[in-house]
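Participant: Return atomic coordinates for the entry below.
(one chain, ligands or ions: 1)
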Amino acid sequence: MRLSPRHPRFASLKVRSLLAEAHRRGLVVSEGLIAQGRGEAFDYFLGERTTPGARRAERAAAEWLLAARHPVVSVNGNVAALAAKEVARLQRAVPGLDVEVNLFHRTGSRSRLVAQSLRVAGVRRILGVRPTATIPGLPSDRAMVDRRGIFDADVCLVPLEDGDRTEALRVLGKRVISVDLNPLSRTSRAADLPVVDEVVRALTEIARQASLFRKSSRRARLTPFDRRAALSSALATIARGLTRTAARRPIAPRRGRASPRRPRGTGGRRRRMP
Ligand code: PTJ
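Facilitator: Predicted coordinates:
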């Protein structure tokens, strides 16, 4: 399908088409398309931009990654399809950041596809294709990790994660940074540092903040983060947006559009709508 840049929802349609193509290649699972739909809905409510609250979380996330003994970012099919380049950029901005393939719907061939798309985008040292350790107490394949990666990490960045694993990682004493557009999800509520933003925007901003931080003379620390305030701020943004929209008039038909066909038998005269 040809997409016109003049379509008012061009950006969103482009992302959909990219994911649908990645689904045809087997990189993204069908469930991943559903997950994107849920994400899109929350992004719509949040105004499809990085909110000031999300930006604060992204700045804190950058500092945590730089301060970590061993930071690791976990990559699934959706993240590889949407943001492989941004993962590579983040790895360049945070020295020592390991990148690990971790799938909910794991098969050997999907793991290799994810690793390949990361490699093509410029990611170095990709872990997790052949898992060597298990996170205790997790019934899903997400439990299968790399001993040199997530298993050893002290700070894990988990975009589009599920709540179970976020909790299991915390039980192991790791600090978890999530990226999830849904501030109500179990992941967002369980993470130490929830970033409520779209994954491409979030990773771009975290990388930018990390580069800025490294240019400053400050020493990175694992500074406390008020996760409750971050989630409340996202919910308040949604509530304000909905209230404002509810007060607005419905969209009027645009001028210059082809006028609808006149009903037969009106002799060319327009009928008044009731
Ligand atoms: O590739 P796999 O096998 O590991 O599977 C990946 C999916 C995404 C299917 C799997 O992790 C899954 O089922 O995720 P969930 O439980 O549906 O959670 C995904 C969360 O990410 C939801 O809360 C969505 O709102 C959110 N989300 C979806 N798209 C985006 C997003 N957040 C940020 N940016 C997005 N583009």
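Participant: Enumerate the residues of this protein near the ligand.
Facilitator: Proximity of the chain to the ligand is confined to 29, 31-32, 35-36, 38-39, 42, 76-78, 82, 103-105, 160, 162, 179-182, 185, 198-199 under the rule Cβ under 6 Å from any ligand atom. All C-beta atoms are positioned from the backbone trio N, CA, C, and that covers glycine.
Participant: dump the residue contacts of the residue of the chain at minimum distance from the ligand.
Facilitator: Of all residues in the chain, the one sitting closest to the ligand is Gly39 (2.5 Å; Cβ to the nearest ligand atom). Under the criterion of Cβ atoms under 8 Å, 6 or more residues apart in numbering, the contact partners of Gly39 comprise Leu160, Asp180, Leu181, Asn182, Glu198.
Participant: quick one: buried residues of whichever strand or helix holds it?
Facilitator: When elements are assigned from DSSP states H and E, Gly39 belongs to helix 30-46. For helix 30-46, burial by neighbour count (16 or more other Cβ atoms under 10 Å) applies to Gly32, Ala35, Gln36, Gly39, Glu40, Phe42, Asp43, Phe45, Leu46.
Participant: before we move on, what about stretch 44-63?
Facilitator: Buried residues in stretch 44-63, counted by 16+ other Cβ under 10 Å: 45-46, 50-51, 53-63.
Participant: Please apply the same query to stretch 177-196.
Facilitator: Under the neighbour-count criterion of 16+ other Cβ under 10 Å, stretch 177-196 has 177-183, 185-196 buried.
Participant: repeat for stretch 113-132
Facilitator: Taking 16+ other Cβ under 10 Å as the criterion, stretch 113-132 shows Leu113, Val114, Ala115, Ser117, Leu118, Ala121, Val123, Ile126, Leu127, Gly128, Pro131 as buried.
Participant: Check Pro139 and give its pLDDT.
Facilitator: Per-residue pLDDT puts Pro139 at 89.
Participant: that older thread, widest-spaced pair of the buried residues of stretch 113-132?
Facilitator: The largest distance within those, taken as Cβ to Cβ, falls between Ala121 and Pro131 and amounts to 22.0 Å.
Participant: Would you map the strands across the stretch 51-200 of the chain?
Facilitator: For the stretch 51-200 of the chain, the strands defined by DSSP state E, counting those that start in this stretch occupy 71-75, 98-101, 126-127, 133-134, 144-145, 155-159, 175-179, 193-195.
Participant: Adjacent strands (with direction) for the first one?
Facilitator: In the sheet containing strand 71-75, its partner strands are strand 98-101 (parallel), strand 155-159 (parallel), by DSSP bridges.
Participant: which outside residues touch that strand?
Facilitator: Outside strand 71-75, the residues that touch it by Cβ under 8 Å, 6+ apart are 64-65, 87, 90-91, 94, 96-102, 114, 118, 127-128, 149-150, 153-159, 161.
Participant: Give me the mean pLDDT for it.
Facilitator: Across strand 71-75, pLDDT averages out at 98.
Participant: swap in the second one?
Facilitator: For strand 98-101, mean pLDDT rounds to 98.
Participant: who touches it?
Facilitator: Under the contact criterion Cβ under 8 Å, 6+ apart, strand 98-101 has outside partners 70-76, 80, 87, 91, 111, 114-115, 118, 123, 125-129, 145-146, 148-150, 153.
Participant: ok, now the fourth one?
Facilitator: Strand 133-134 is contacted by residues Ala143, Met144, Val145, Asp146, Arg147, Phe151 when judged by Cβ under 8 Å, 6+ apart.
Participant: Dig out what the second one forms beta bridges with.
Facilitator: The residues paired with Met144 through beta bridges, assigned by DSSP bridges, are Thr134.
Participant: quick one, what contacts it?
Facilitator: Taking Cβ under 8 Å, 6+ apart, we find Met144 in contact with Asn102, Arg106, Pro131, Ala133, Thr134.
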